[in-house]
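S.K.: Make a model of this:
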Amino acid sequence: MDALAEAALAGASPDELVRQSVPDEYLAAYLHEEDARMFDGVPDRDVRRSLRVGRVPMPELAPDEALVAVMASSVNYNTVWSALFEPLPTFDFLRRFGRQGGFAARHDRPTHVIGSDAAGVIVRVGSGVRHWGVGDHVVVSPSYVDDQEPATHADGMLGTEQRVWGFETNFGGLAHYAVVRVSQLVPKPAHLTWEEAASLSLCGSTAYRMLVSDRGARIKQGDVVLIWGATGGLGAYAVQLVKAGGGIPVGVVSSEEKAEALRRLGCDVVINRNDIGLGGHTPSPDETIAMGKRLGRRIRAEVGEDPHVVFDYVGAATFGISVFVVRKGGVVVTCGSSTGYQHQYDNRYLWMNLKRIIGSHAANLQELREFNRLVQLGKLMPALSTVYPLDEIGEAARLVQNNQHMGKVGVLCLAPRTGLGVTDPESRARIGADRINPLRVPDRSPSPVPVLAGPAR
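M.R.: Here you go, the predicted structure:
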């Protein structure tokens, strides 16, 4: 570990951090362009084969950026997509971005440092930064926006140059250092550890926009909300947001273990999809209607009415059922398609029943701020389930690839162990340390990961 990283980890003053030199290289989880075709014709595309851990060159800092010493990060499904090189290699994103020239050209490299979540300490700021300083503890948003685009000033997610940091940009969070635009930053909740804070941003803010924001479903007290994959990273925050807003969360999970975890989250209605014959496959049109009827009967038996809102990020396997089961005038809100992008549904149930579909993507900075405030107030808890060290990123991502996880899978970067980073122990005690990690299981210590190590040039 270099001197600057050691100083950040030790809680050094801003002056001491500035005195330390920024290293020329840093440790990171990355993909290499030469591996982009490695899974062609391979039946088991194991992400442990493509994820490398090694040293990469430190980029120059732009005027509107900060260099963050990353204490912890987490795995998102885009980590898996990146490592699978699908639906297309992320190097295509980097090349397109790099063609803009200027500081954008830095992103077009044969190495892609991935990761769209991070919590850490600012160790440098660009010359144009006003509201953040060296030594600040921060959480990083994945929403990478261009403040010179007019649409950005209406909604940061509307600009044509909006990107997902660490997926469509380089220098992401699964590393000892990350380069971020300061428009991505919010204060780290002081009562949380580094790994807890690193599990918040992408999934939490996305769920907030989908359910609470004016640009989403705008849930209200008493709304019945059906949540697919309710113990996933997105689903676990959705359950909490519905509950905190006075709604009635109805969570669907795939096992009794996940059902029990969902009850710990406080979900009002827990449905194991296997109990009512909802398979994990993409159903035919006839199967969709039959499954929708079974699910609808179960929800009505539990709460007496159909759902006002369906929260769907699963995609092809669930979307037709979502459109069928939501009530007349109801809303299906979607932000992803982990089981396939081509959705089929019977449009009669949409138009004749005045239902709506809302597409949602990530969150703007204000939405992240509002979500982060709820966390700071102790109204929402981290969805962290387990934690791996950075050199075992392959195992962590494989867990998510195989849907063997719950909530968020954390990754320690500079932090040498879990439990560090709390600067407000009084608030942590007031909220209750036993409440803060409802999905947590003991930290995993898997066998060594078959990552490709070594320097990246």
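S.K.: so where is the stretch 101-250 of the chain shaky, pLDDT-wise?
M.R.: Applying pLDDT under 70 to the stretch 101-250 of the chain picks out no residues at all.
S.K.: Strands of that one, start to end?
M.R.: All strands of the stretch 101-250 of the chain, identified by DSSP state E, counting those that start in this stretch, fall at 111-113, 118-125, 137-140, 143-144, 163-164, 177-181, 185-187, 224-227, 248-253.
S.K.: next one: the biggest strand by length in the chain to chain centre, how far?
M.R.: Looking across the chain with DSSP state E, the single longest strand is strand 65-75. Centroid separation for strand 65-75 versus its chain: 14 Å, with Cα atoms, centre = their mean, to the nearest Å.
S.K.: and if you look at stretch 381-388?
M.R.: Relative to its chain's centre, stretch 381-388 lies at 12 Å (Cα atoms, centre = their mean).
S.K.: next one: stretch 38-52
M.R.: 22 Å.
S.K.: Tell me which stretches of this protein form helices.
M.R.: Counting by DSSP state H, the chain has these helices, from start to end: 3-9, 14-19, 77-84, 90-98, 194-197, 201-211, 233-244, 256-264, 285-303, 319-325, 347-351, 365-376, 393-401, 425-431.
S.K.: on contacts alone, who are the packing partners of the first one?
M.R.: Looking back up the chat, that one is helix 3-9. Counting contacts by 3 or more Cβ pairs under 8 Å, 6 or more residues apart in numbering; DSSP states H and E, helix 3-9 is packed against helix 14-19, strand 65-75, strand 118-125. For every residue, glycine as well, the C-beta is placed using N, CA and C.
S.K.: most packed of the ones you listed?
M.R.: strand 65-75 (a mean of 29; mean count of other Cβ atoms under 10 Å).
S.K.: State the mean pLDDT of that strand.
M.R.: Mean per-residue pLDDT for strand 65-75: 98.
S.K.: How about stretch 302-314?
M.R.: Stretch 302-314 carries an average pLDDT of 97.
S.K.: before we move on, what about stretch 349-356?
M.R.: Average pLDDT, stretch 349-356: 97.
S.K.: How far does it stretch from one end to the other?
M.R.: Stretch 349-356 stretches 10 Å from its first residue to its last (Cα to Cα, to the nearest Å).
S.K.: could you measure the residue lying closest to Arg109 once chain neighbours are set aside against Arg19, distance?
M.R.: Nearest residue to Arg109, sequence neighbours excluded (Cβ to Cβ, 6 or more residues apart in numbering): Asn170, at 6.2 Å. Remark: distance between Asn170 and Arg19 (Cβ to Cβ, to the nearest Å) = 28 Å.
S.K.: Same question for Tyr313.
M.R.: With the distance defined as Cβ to Cβ, Tyr313 ends up 45 Å from Arg19.
S.K.: go on, Ser385?
M.R.: Ser385 is 39 Å from Arg19, by Cβ to Cβ.
S.K.: about what we covered before: deepest-packed of the strands of the stretch 101-250 of the chain, please.
M.R.: strand 224-227 comes out most buried of the strands of the stretch 101-250 of the chain by mean count of other Cβ under 10 Å, with a mean of 29.
S.K.: just checking, what packs against the longest strand of the chain?
M.R.: Counting by 3+ Cβ pairs under 8 Å, 6+ apart, the packing neighbours recorded for strand 65-75 are helix 3-9, strand 118-125, strand 137-140, strand 177-181, helix 194-197, helix 393-401, strand 408-412.
S.K.: And the residue nearest to Val441 when sequence neighbours are not counted, how close does it get to Ile393?
M.R.: In space, and not counting its chain neighbours, Val441 is closest to Thr386: 5.4 Å by Cβ to Cβ, 6+ apart. Computed as Cβ to Cβ, the Thr386 to Ile393 distance reads 13 Å.
S.K.: Return the per-residue confidence for Tyr341.
M.R.: You'll see Tyr341 listed with a pLDDT of 89.
S.K.: re earlier: closest one to Gly277 among the helices and strands packed on helix 3-9?
M.R.: strand 65-75 (30.9 Å; Cβ to Cβ).
S.K.: burial measure for the residue nearest to Pro14 when sequence neighbours are not counted, as a count.
M.R.: Closest residue in space to Pro14, ignoring its immediate chain neighbours: Gly135 at 3.8 Å, by Cβ to Cβ, 6+ apart. Other residues within reach of Gly135, judged by other Cβ atoms under 10 Å, total 17.
S.K.: thought Gly135 was touching Val121?
M.R.: Yes. If you go by Cβ atoms under 8 Å, Gly135 and Val121 touch, sitting 6.6 Å apart.
S.K.: if I look at those two, which residues touch both of them?
M.R.: Common contacts of Gly135 and Val121 (Cβ atoms under 8 Å, 6 or more residues apart in numbering): Leu17.
S.K.: just checking, Gly277 touches Gly292?
M.R.: No. Gly277 is beyond contact range of Gly292, at 11.6 Å (criterion: Cβ under 8 Å).
S.K.: circling back to that earlier point, from Ala261, how far off is the residue nearest to Val441?
M.R.: 12 Å.
S.K.: who has more neighbours, these two?
M.R.: The neighbour comparison of Thr386 against Ala261 (other Cβ under 10 Å) goes to Ala261, with 24 against 19.
S.K.: still on that earlier bit, mind giving me CSV with the helices and strands packed on helix 3-9 and columns for distance to Ala244?
M.R.: Below are the helices and strands packed on helix 3-9 laid out as CSV (distance: least, Cβ to Cβ, whole Å):
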stretch, distance to Ala244
helix 14-19, 35
strand 65-75, 22
strand 118-125, 22
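S.K.: looking at the ones you listed, which is closest to Val409?
M.R.: Per Cβ to Cβ, nearest to Val409 of those: strand 65-75, 4.4 Å.
S.K.: got the angle for that closest one vs helix 201-211?
M.R.: Angle of strand 65-75 versus helix 201-211, following axes from the mean of the first three to the mean of the last three Cα atoms, to 10 degrees, is 80 degrees.
S.K.: Can you dump the C-alpha atoms of strand 65-75 in PDB for me?
M.R.: The C-alpha trace of strand 65-75 is given here as PDB (Å, rounded to 0.1, in the frame of the first residue of the first chain):
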ATOM      1  CA  GLU A  65     -13.100  15.700 -10.600                       C
ATOM      2  CA  ALA A  66     -11.900  14.200  -7.400                       C
ATOM      3  CA  LEU A  67      -9.500  11.400  -6.700                       C
ATOM      4  CA  VAL A  68     -11.100   9.100  -4.000                       C
ATOM      5  CA  ALA A  69      -9.100   6.600  -1.900                       C
ATOM      6  CA  VAL A  70     -11.700   3.800  -2.100                       C
ATOM      7  CA  MET A  71     -12.200   2.000   1.200                       C
ATOM      8  CA  ALA A  72     -14.900  -0.300   0.000                       C
ATOM      9  CA  SER A  73     -17.000  -1.000  -3.100                       C
ATOM     10  CA  SER A  74     -19.700  -3.600  -4.100                       C
ATOM     11  CA  VAL A  75     -20.700  -5.800  -6.900                       C
END
